[in-house]
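[1] The amino acid sequence is not available; the structure is as follows:
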């Protein structure tokens, strides 16, 4: 799924479906790799798992307090040194509404 399409679809939802977990491949400029890694790590719900010598990074983006994964994904390309970001995995853990509803 393309990143922009995912962001648009998630932004259009009025009822949260559950907790989102996204796997993202990011390419960064080599000379700006430390800045890109720091900027990405500072975003809510982002965890950088692996960094390759050629500027590729594997990270996960999850929903965070008050910020959806889609909102965070929309910011990835704004980080200094980031050349591209591709959504390669998405999983939505369904929200158990039975816990919120009175019996």
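    Structure received. In this text the structure is predicted, and so the values were computed from the model without any measurement.

[2] Give me the three-state assignment for residue 38.
    Using DSSP: H, G, I helix; E, B strand; the rest coil, the secondary structure recorded for residue 38 is helix.

[3] so how many other residues sit close to it?
    For residue 38, the count of nearby residues is 13 (other CB atoms under 10 Å). Using the backbone N, CA and C atoms, a C-beta is placed for each residue, glycine as well.

[4] Check which helix or strand residue 9 maps to.
    Element membership for residue 9, per DSSP states H and E: helix 3-12.

[5] After that helix, heading C-terminal, what element do we hit next?
    Following helix 3-12 toward the C-terminus (DSSP H and E): strand 18-28.

[6] Which strand in the protein has the most residues?
    strand 82-94 (DSSP state E).

[7] Report the separation between the residue positioned nearest the centre of the chain and residue 30.
    Taking CA atoms, centre = their mean, the centroid of the chain lies closest to residue 61, which sits 3.1 Å from it. Computed with CB to CB, to the nearest Å, the distance linking residue 61 and residue 30 is 23 Å.

[8] One more: residue 5?
    Using CB to CB, one gets 29 Å for the distance from residue 5 to residue 30.

[9] is residue 25 in a bridge, and if so with what?
    residue 58, residue 86 (DSSP bridges).

[10] swap that for residue 46, sorry
    Bridge pairing for residue 46 (DSSP bridges) gives the partners residue 61.

[11] I figured it hits residue 57, correct?
    No. Between residue 46 and residue 57 there is no contact under CB atoms under 8 Å: 10.2 Å.

[12] what touches both of the two?
    Common contacts of residue 46 and residue 57 (CB atoms under 8 Å, 6 or more residues apart in numbering): residue 40.

[13] hang on, the earlier thing: same for the longest strand of the chain, what does it pack against?
    Helices and strands touching strand 82-94, by 3 or more CB pairs under 8 Å, 6 or more residues apart in numbering; DSSP states H and E, are helix 3-12, strand 18-28, helix 33-41.

[14] Understood, closing this out.
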